[in-house]
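> Just need the structure, nothing else, for what follows:
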Amino acid sequence: MTVQDELRGMDLFEELSDERLDAWAEVVEIRDAADGDVLLKQGSSPGPLLLFTGRTKAFLTVDGRREPGNANTAPTWIGAIAAITWFADTGVFRHFGLPRTLPDA
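Reported below is the predicted structural model:
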């Protein structure tokens, strides 16, 4: 499966032309995540996080307490508000499930 195939599986990319999808595929950095890895930290955002496999669980710090947030299941993307408004992410996302990398095409 190619990066383009993976991207097409997300609603964010469904209607893009092949040319625009190729441009995204050139800049996507695919990384492994082990169970419990922190993917995003509260107060910082690298832009949208594309989740190809697995699940995430968000935890927020509110008044010094750790509070549960949203769960996300692949395929999906996280950070819509940050991507649209450049507002820093408000939670910590941890990976749960099997890590997977994209094989070389």
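> residues of the longest helix belonging to the chain that come out buried?
When the chain is parsed with DSSP state H, its longest helix is helix 18-27. For helix 18-27, the neighbour count (16 or more other Cβ atoms under 10 Å) marks Leu21, Ala25 as buried. Every C-beta, even on glycine, is put in place using the N, C-alpha and C of the backbone.
> So which elements touch that helix?
Packed against helix 18-27 by the contact rule (3 or more Cβ pairs under 8 Å, 6 or more residues apart in numbering; DSSP states H and E) you find helix 3-8.
> Show me what the helix it packs on is packed against.
Contacts defined by 3+ Cβ pairs under 8 Å, 6+ apart place helix 3-8 against helix 18-27.
> Check which strands are paired with the following helix or strand past the helix it packs on and give the direction for each one.
Downstream of helix 18-27, the first helix or strand assigned by DSSP states H and E is strand 38-40. Partner strands and pairing direction for strand 38-40 (DSSP bridges) are strand 92-96 (antiparallel).
> So what's the model's average confidence on the strand it pairs with?
In this model, strand 92-96 has a mean pLDDT of 51.
> any idea how far Leu39 is from Asp22?
For Asp22, the distance to Leu39 equals 25 Å [Cβ to Cβ, to the nearest Å].
> nope, Ile78 is what I was after
To Leu39, Ile78 is 8 Å away according to Cβ to Cβ.
> Also Ala33?
6 Å.
> Which of these two has more residues huddled nearby?
Ala33 (22 against 19; other Cβ atoms under 10 Å).
> Start and end of stretch 31-48, how far apart?
End-to-end distance of stretch 31-48: 14 Å, with Cα to Cα, to the nearest Å as the criterion.
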